[in-house]
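*Asks:* Just to be clear, the model below is a prediction. Sequence and coordinates:
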Amino acid sequence: MKSSLVILTYNEIEGIKNLFDKIPFQKFDQILVIDYQTTDGTVEFFKERRIKVIPQKKKGRGEAFRMASEIAEGDALVFFSPDGNENPSDAVKLKKAIEQGYDMAIASRFLSESKNEESEKLFPIRAWGNKLFTFLANLFFRGNLSDSINGFRAVRKDKFKELRVDASGFAIEYQMSIRAMKIGQKIKEIPTIEGRRIGGKSTAKTFPTGIKLLKALFKEIKLGNNF
């Protein structure tokens, strides 16, 4: 089974400079960068190292995921964002889960061996929100996930296309998880240690993202398996 490491970037020069030597490039058959209108030198950094960069025409992670499913050469797609939150070494664990026969693999921030970025905060608002949305997804779609939202994940390319995802932005991963549960795809979670963001600011604003996830949930409840 061939594998593609899909690196999603949007002005991530500080993160990629810090993490580049830690990314297990040699463990993948293809390395593909999908970039949305970066202006900080991220694209030039990859091109200097002869890594293919595909310009993303439309904004949003949803578009990046769909582009990868069309142009990546691998049967297993591993999505990685070099912002410091995601542990590069876990990319190999996600790939192995797909090779072992799972349809989707998610790096969970909420398993007993895991740690999320807000673990030491008194009021981890984002973590509470993530857990709530995962609880609702499990409740309505008979799942057993601990982290339905994390974008650090892998999927079989053919199984991704079965999901027919159309969500935009950060709702894409939630929709993937829900639809995978709906049709009974095999999902494996691996524990991950979420690091602190390196440079830049997160574009996943807590309350706007929460509203998008809520809308995605209601949509999936209404659609059932008719997608």
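*Replies:* Cool, got the structure.

*Asks:* isn't residue 5 right up against residue 80?
*Replies:* Yes. Between residue 5 and residue 80 there is a contact under C-beta atoms under 8 Å: 6.2 Å. (Glycine included, C-beta is placed from N, CA and C.)

*Asks:* what do the two both touch?
*Replies:* Between them, residue 5 and residue 80 share these contacting residues under C-beta atoms under 8 Å, 6 or more residues apart in numbering: 23, 91.

*Asks:* Show me which of those two is the more surrounded one.
*Replies:* When neighbours are counted by other C-beta atoms under 10 Å, residue 5 and residue 80 differ, and residue 5 comes out ahead with 28 against 24.

*Asks:* Buried residues of the one helix or strand residue 135 maps to, list them for me.
*Replies:* Residue 135 belongs to helix 125-141 when elements are defined using DSSP states H and E. Within helix 125-141, the residues that qualify as buried by neighbour count (16 or more other C-beta atoms under 10 Å) are 126, 127, 129, 130, 131, 133, 134, 136, 137, 138, 141.

*Asks:* of those, closest to residue 193?
*Replies:* residue 127 (13.9 Å; C-beta to C-beta).

*Asks:* wait, what's in contact with that closest one?
*Replies:* Taking C-beta under 8 Å, 6+ apart, we find residue 127 in contact with 109, 110, 116, 117, 118, 119, 121.

*Asks:* quick one, helices of this protein?
*Replies:* With DSSP state H, the ranges of helices along the chain come out as 13-19, 42-48, 61-71, 90-99, 125-141, 157-163, 172-182, 206-223.

*Asks:* Of all residues in the chain, which one is nearest the centre?
*Replies:* Centroid check for the chain by C-alpha atoms, centre = their mean gives residue 151 as the closest residue, at 2.0 Å.

*Asks:* where's it relative to residue 65, distance?
*Replies:* In this structure, residue 151 lies at 9 Å from residue 65, with C-beta to C-beta, to the nearest Å as the measure.

*Asks:* what sits against the residue nearest to residue 116 when sequence neighbours are not counted?
*Replies:* The shortest distance from residue 116 to any residue that is not its chain neighbour, by C-beta to C-beta, 6 or more residues apart in numbering, is 3.8 Å, and that residue is residue 109. Contact partners of residue 109, counting by C-beta under 8 Å, 6+ apart, are 115, 116, 117, 127, 130, 147, 150, 192, 194.

*Asks:* Near the third one, how many residues? Count them for me, please.
*Replies:* Other residues lying near residue 117 total 18 when counted by other C-beta under 10 Å.

*Asks:* Please report how far it lies from residue 198.
*Replies:* Using C-beta to C-beta, which is the criterion applied here, residue 117 is 12 Å from residue 198.

*Asks:* same question, residue 60
*Replies:* Summarising the geometry, the distance separating residue 60 from residue 198, computed by C-beta to C-beta, is 22 Å.

*Asks:* do the same with residue 220
*Replies:* Where residue 198 is concerned, residue 220 sits at a distance of 33 Å (C-beta to C-beta).

*Asks:* if you count what's nearby, which of those two comes out ahead?
*Replies:* Between residue 220 and residue 198, residue 220 has the larger neighbour count (other C-beta under 10 Å), namely 22 against 16.

*Asks:* surely that one meets residue 179?
*Replies:* Yes. A contact is recorded between residue 220 and residue 179 when judged using C-beta under 8 Å, the distance being 7.1 Å.

*Asks:* So for these two, which residues contact both of them?
*Replies:* Taking C-beta under 8 Å, 6+ apart as the criterion, residue 220 and residue 179 both touch residue 227.

*Asks:* Buried residues of stretch 115-126, list them for me.
*Replies:* Under 16+ other C-beta under 10 Å, the buried positions of stretch 115-126 are 116, 117, 118, 126.
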